[in-house]
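Q: Sequence first, then the predicted structure:
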Amino acid sequence: MKRKTNTIFFILLGLTMFALVFSGCEAAEEEVAVDEPEEVDEGQVFTIEEIAQYDGQDGRPAYIVVDGVVYDVTDVPQWSGAEHFGFEAGTDVTEALTDAAPHGAGQLDSAEIVGTLAE
């Protein structure tokens, strides 16, 4: 009797794991369905509307604009969460750096330049 109970237990365990794996796959497919911005070539020219797509949310890269230069701040620790002292990625932060930031644009040395803003 004990052998039959063990067999039933393992069958139920296997079915449960099978259900969990397939339910996890469906969730992953939904996450991939997020509208992703196009891949960037170095030196690309962006419009401000395109920059807004790079807001660092839902797995998207985080870009900011300073003096017409587009920076990728995705991996810059100070921009963790795609935000830095209330300023959000996906925007032109030139005025914020000029008017409010004590450090200016010099702190962006660790960020990759990915393009420029269209005039």
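A: Cool, got the structure.
Q: Only C-alpha atoms from now on, for both contacts and neighbour counts.
A: Will do.
Q: what ranges do the helices span in this structure?
A: Assigned by DSSP state H, the helices in the chain fall at 2-32, 48-53, 94-99.
Q: I'd like to know which of those helices has the weakest mean confidence.
A: For the helices of the chain, the weakest mean pLDDT is recorded on helix 2-32, namely a mean of 54.
Q: what about residue 64, how many neighbours?
A: 27 (other C-alpha atoms under 10 Å).
Q: meant to ask about residue 118
A: Residue 118 has 11 nearby residues by other C-alpha under 10 Å.
Q: same thing with residue 43?
A: Residue 43: 13 neighbours (other C-alpha under 10 Å).
Q: Would you check how far apart it and residue 60 are?
A: Plainly put, residue 43 is 19 Å away from residue 60 if you go by C-alpha to C-alpha, to the nearest Å.
Q: Could you do residue 115 as well?
A: For residue 115, the distance to residue 60 equals 17 Å [C-alpha to C-alpha].
Q: now swap in residue 70 and tell me
A: Where residue 60 is concerned, residue 70 sits at a distance of 15 Å (C-alpha to C-alpha).
Q: Ignoring the adjacent residues along the chain, who's closest to residue 74?
A: residue 62 (4.7 Å; C-alpha to C-alpha, 6 or more residues apart in numbering).
Q: Which residues are in contact with that neighbour?
A: 54-56, 72-74, 82, 89-90 (C-alpha atoms under 8 Å, 6 or more residues apart in numbering).
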